[in-house]
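Enquirer: give the three-dimensional model of this entry:
(chains A, B, C and D)
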There are 4 protein chains.
Amino acid sequence: MTNREAMNLASDCAQALFQRDTASQAMGMRLLSAGPGCARVGMTVRADMVQGHGTCHGGYLFALADSAFAFACNSYNEATVAIGCSIDYIAPAHLGDTLNADCIEQSRSGRTGNYDVRIENQQGQLIALFHGKSYKVRGPVLTQETPNE
Amino acid sequence: MTNREAMNLASDCAQALFQRDTASQAMGMRLLSAGPGCARVGMTVRADMVQGHGTCHGGYLFALADSAFAFACNSYNEATVAIGCSIDYIAPAHLGDTLNADCIEQSRSGRTGNYDVRIENQQGQLIALFHGKSYKVRGPVLTQETPNE
Amino acid sequence: MTNREAMNLASDCAQALFQRDTASQAMGMRLLSAGPGCARVGMTVRADMVQGHGTCHGGYLFALADSAFAFACNSYNEATVAIGCSIDYIAPAHLGDTLNADCIEQSRSGRTGNYDVRIENQQGQLIALFHGKSYKVRGPVLTQETPNE
Amino acid sequence: MTNREAMNLASDCAQALFQRDTASQAMGMRLLSAGPGCARVGMTVRADMVQGHGTCHGGYLFALADSAFAFACNSYNEATVAIGCSIDYIAPAHLGDTLNADCIEQSRSGRTGNYDVRIENQQGQLIALFHGKSYKVRGPVLTQETPNE
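Expert: Got it, this is the predicted structure:
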C-alpha cells in the first residue's frame, strides 16, 4: 500500500465511523483530519456541557479525546475498540471554547496499540492529556455500502 | 460532627452540585445517593449516546463515572476537582440500558484523594471500572443560598 | 473443576512462577497466598530500596504490586502478561517496613482482565493502590517438570 | 534565571538526588542527562532483574522510568514527589539489554505536573511508555551541603 492509499483508507475509515457515530455528531464534534494512526477532532463547549464548577464537564473532554482516539486506531480498516483510557486535566475549558483534540499513535503491534491525545483550546493552551489503549477485534471498519469508491 | 450530620452534609453538597451541573442533568443523570466519600448516580443510554460501533460512546460512560466521583469527593463541603482519571471498559452498554455508577473513597489525605467507581447495567453486569484522583481547591461547595441551614 | 482443584491449580501456578522469578526472589518477596484470581505477596523495605527522598523507591512498591498481580492473573494455568498498570501513592513506605500486597480480580473475559492491588504496611496503613490490565498469551503456566501432577 | 542557569540548576538537582538515591544506584542506573523538566537515565538488565516469563520484571522497567521522572520533576530545586504513575508495556526487555528512559514535561502549573517517559532499548525499539503525575511539597531539593558551587 502506498502512502497515498494508506492516507485515503484512513480518511475513508474515519468518515465512515463518524457517519454512524450519532454520539460524536450530537456533541457537535467535527472530524478535521485523519491519517494512518492519527486524527484531529474539534468541538465547541456548549451551555449543556458545563458542570457544577462552571467549566466543561470532564466527560465531554474525555469524549472528544476518545473520538479522536477511535478515528486514529481504526484508520487501518481493522475494527478496533478501546479497552482502557486515562485523562489528565491541565486547565479548565469554558463555555464557548473551541477545542481541538489531536491523536497520535505511540505503538501498535499484535492486537493492541497505544495512542496519545492532546486537547488544546483556541489559544493553543493545553487543556488535557489523554492516553488510550486499543484492542483489535474481528472485521473491517468499512462495509460494502460504505462510499469508499 | 456526628455520622448523621456528615451524611446530611454529603447529601446537601451533592444536591447543590447536581443542581448547578447542567451537563449531568442534560445527560439525564439521576443522583441516587450520596454519603461521606461515596455517591451513586444512574443514567439511561439514549439514542444520541450511541457511537459508530453501535454501543454507548465511552465518553458517556466516563461522564457518568466522573459525576459520581465528583459528588463523592465533594461530600465534605470542601471544593474538590479531578486532576486525573482512568477508565477500563469491561462490557459494552447498549441503547436503553440503565446504568448505575457507584463511587467509593479509597483514600483521602492532605489535598488529594483516590476514588473508585463501578458502572453496572440493570442486570448487575460490570460495564466499566473508573479511578479518579481528586485535588482540594479553595472554598466550600455550599454557598449561602444553598438550602443547608 | 471443583473449587478445591481451582485453588490447588492457582497455588501450583503461583509457586511455579515464583520459583523461576529471579527478580521477585532477589527483592526478598514472599509468596503468601494464591487462589483463583487473587494473590498476596509480602516484602520488607531494605536499605538498598530507599531513594533520594528517604523513602522506598516507587519502583519497588510497583514491583511488589506487579508480582502479586502476576500471580493472580496467571492462576488459571493460562500464560498471561501485563499490558498496562497504574499506581497511586498514598503514604510513603520506610526502611524496615513490612509490606503486603493483596491482589483481587475485578474482571476477566476474552483475553483481557483487570486486577486491583492494595499495598499496606505492618500497621495496616494503606501505602499504594495499583491497577493492572492483563492479556492472555499462548501456552500454560505450568510445564511438565512442574510438580503439579 | 538564564537558560544556562536553569540548565545548571537542573543538573545540580538531579545529581544531588541521584547521590542520595541508594535505590537507583543499586539498580545500576546511570544518570545521563538532566535539564529543566527533562532527564535521561540508563540501566542494563541484570540477571537478578529477570522474572518468571524470562524477561525483565515490570517493576524494574517502572523503576527506571520513575527515576527519570523524579530527576525531571525535581529539576527546578523545588522538592516534588510522584502521586500517581502508569506504564504501558510495548515489548519485553531481555537480559543484557541496555535501556534508556527519556522523560519530558508535558505540563507544570500550581503544585502539579505531568511527565511522559519513553523507554527504549539499545536498538531504539520502544519498550514501554510511562506517565507520571507530580506534586510539589515543601522545601528545596538542594541542601547547603550539596556541592552546588
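Enquirer: hmm, residue A:27 is touching residue B:59, no?
Expert: Yes: counting by C-beta atoms under 8 Å, residue B:59 is a contact partner of residue A:27 at 7.5 Å. C-betas here are computed from N, CA, C, even on glycine.
Enquirer: more crowded one of the two?
Expert: Set residue A:27 next to residue B:59 and count neighbours by other C-beta atoms under 10 Å in any protein chain shown: residue B:59 wins out with 29 against 23.
Enquirer: which SSE is that one in?
Expert: helix B:58-73 (DSSP states H and E).
Enquirer: got it, and residue A:12?
Expert: Residue A:12 belongs to helix A:3-19 when elements are defined using DSSP H and E.
Enquirer: list the buried residues for that helix?
Expert: Judged by neighbour count using 16 or more other C-beta atoms under 10 Å in any protein chain shown, the buried positions of helix A:3-19 are A:6-7, A:9-18.
Enquirer: residues contacting residue A:94?
Expert: Residues near residue A:94 by C-beta atoms under 8 Å, 6 or more residues apart in numbering or on different chains: A:45, A:54-56.
Enquirer: just flag the most distant two among those.
Expert: Using C-beta to C-beta, those reach their maximum pairwise distance at A:45 and A:54, which is 11.4 Å.
Enquirer: more crowded one of these two?
Expert: Neighbours per residue, other C-beta under 10 Å: of residue A:45 and residue A:54, the larger number sits with residue A:45, 24 against 12.
Enquirer: beta partners for the nearest residue to residue A:128 once chain neighbours are set aside?
Expert: Among residues not flanking residue A:128 along the chain, residue A:119 sits closest, at 4.4 Å (C-beta to C-beta, 6 or more residues apart in numbering or on different chains). When bridges are called by DSSP bridges, residue A:119 pairs up with residue A:101, residue A:128.
Enquirer: which residues are in contact with the residue nearest the centre of chain A?
Expert: The centre of chain A sits closest to residue A:68, judged by C-alpha atoms, centre = their mean, with a distance of 0.8 Å. Contacts for residue A:68 (C-beta under 8 Å, 6+ apart) come out as A:39-41, A:101-103, A:117.
Enquirer: out of those residues, who's nearest chain C?
Expert: Taking C-beta to the nearest C-beta as the measure, chain C lies nearest residue A:117 of the contacts of residue A:68, at 16.0 Å.
Enquirer: didn't that closest one look like it was pressed against residue A:105?
Expert: No: counting by C-beta under 8 Å, residue A:117 stays clear of residue A:105, with 10.7 Å between them.
Enquirer: have a look at those two and say which one is more surrounded.
Expert: Between residue A:117 and residue A:105, counting by other C-beta under 10 Å, residue A:117 is the more crowded of the two (27 against 19).
Enquirer: could you tell me whether that one really is in a helix?
Expert: No: counting by DSSP: H, G, I helix; E, B strand; the rest coil, residue A:117 is not part of a helix but strand.
Enquirer: which ones are touching it?
Expert: Residue A:117 makes contacts with A:65, A:68-69, A:101-104, A:129-132, as judged by C-beta under 8 Å, 6+ apart.
Enquirer: show the buried residues in those residues.
Expert: Among the contacts of residue A:117, those classed as buried by 16+ other C-beta under 10 Å are A:65, A:68-69, A:101-103, A:129-132.
Enquirer: against chain D, how distant is residue A:39?
Expert: From residue A:39 across to chain D, the span is 19 Å (C-beta to the nearest C-beta, to the nearest Å).
Enquirer: where does chain A have low pLDDT?
Expert: A:52, A:144-149 (pLDDT under 70).
Enquirer: so which residues on it come close to chain C?
Expert: A:83-84, A:86, A:111-112, A:133, A:135 (C-beta under 8 Å from any C-beta of the partner chain).
Enquirer: so which of these reach chain D?
Expert: Residues of the residues of chain A next to chain C in contact with chain D (C-beta under 8 Å from any C-beta): A:86, A:133.
Enquirer: can you tell me which two in the residues of chain A next to chain C are farthest apart?
Expert: Greatest spacing in the residues of chain A next to chain C, by C-beta to C-beta: A:86 and A:111 (19.8 Å).
Enquirer: out of those two, which sits in the busier spot?
Expert: Neighbours per residue (other C-beta under 10 Å) separate residue A:86 from residue A:111, with residue A:86 holding more: 21 against 16.
Enquirer: the more buried one: what secondary structure?
Expert: Residue A:86 is classified as strand under three-state DSSP.
Enquirer: list the beta-bridge partners for the residue nearest to it when sequence neighbours are not counted.
Expert: In space, and not counting its chain neighbours, residue A:86 is closest to residue B:86: 3.7 Å by C-beta to C-beta, 6+ apart. Applying DSSP bridges to residue B:86 gives these bridge partners: residue A:86, residue B:131.
Enquirer: quick check: residue B:86 touching residue C:84?
Expert: No: with contact defined as C-beta under 8 Å, residue B:86 does not reach residue C:84; the gap is 9.6 Å.
Enquirer: between those two, what contacts are shared?
Expert: Both residue B:86 and residue C:84 are in contact with A:84, D:86, where contact means C-beta under 8 Å, 6+ apart.
Enquirer: check the gap between residue A:100 and residue A:58 for me.
Expert: For residue A:100, the distance to residue A:58 (C-beta to C-beta, to the nearest Å) stands at 17 Å.
Enquirer: so the two - more neighbours on which side?
Expert: Neighbours per residue (other C-beta under 10 Å) separate residue A:100 from residue A:58, with residue A:58 holding more: 28 against 19.
Enquirer: ok, now which ones touch the more buried one?
Expert: Applying C-beta under 8 Å, 6+ apart to residue A:58 gives the contacts A:51, A:87, A:89, B:62-63, B:66, B:82, B:85.
Enquirer: looking at those, point me to the pair that's furthest apart.
Expert: Checking the contacts of residue A:58 with C-beta to C-beta, the most distant pair is A:51 and A:87, at 14.8 Å.
Enquirer: one step back: kindly reformat the residues of chain A next to chain C as CSV containing distance to residue D:1 and secondary structure.
Expert: As requested, the residues of chain A next to chain C are arranged in CSV below (distance: C-beta to C-beta, whole Å; DSSP: H, G, I helix; E, B strand; the rest coil):
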residue, distance to residue D:1, secondary structure
A:83, 44, strand
A:84, 40, strand
A:86, 33, strand
A:111, 48, coil
A:112, 43, strand
A:133, 39, strand
A:135, 46, strand
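Enquirer: output the residues of chain A next to chain C as a markdown table; include the columns distance to residue C:96.
Expert: Putting these into a markdown table (distance: C-beta to C-beta, whole Å) gives the following:
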| residue | distance to residue C:96 |
| --- | --- |
| A:83 | 39 |
| A:84 | 36 |
| A:86 | 34 |
| A:111 | 44 |
| A:112 | 40 |
| A:133 | 37 |
| A:135 | 42 |
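Enquirer: quick one: which of the residues of chain A next to chain C is most hemmed in?
Expert: Counting neighbours by other C-beta under 10 Å, residue A:84 leads these with 26 neighbours.
Enquirer: am I right that it is in contact with residue C:132?
Expert: No: counting by C-beta under 8 Å, residue A:84 does not reach residue C:132; the two are 10.7 Å apart.
Enquirer: what do the two both touch?
Expert: Common contact partners of residue A:84 and residue C:132 (C-beta under 8 Å, 6+ apart): residue C:84.
Enquirer: stretch A:25-44 and chain B, any residue contact?
Expert: Yes: contact of stretch A:25-44 with chain B (C-beta under 8 Å from any C-beta) involves A:26-27.
Enquirer: just the endpoints, please. Distance across that stretch?
Expert: Chord length of stretch A:25-44, first to last residue, is 12 Å (C-alpha to C-alpha, to the nearest Å).
Enquirer: ok, now which ones touch the closest residue in space to residue A:115 that isn't next to it in sequence?
Expert: Take residue A:115 and drop its neighbours on the chain: the residue closest to it by C-beta to C-beta, 6+ apart is residue A:132, 4.6 Å away. Residue A:132 is in contact with A:65-66, A:69, A:73, A:82, A:84-85, A:103, A:114-117, counting by C-beta under 8 Å, 6+ apart.
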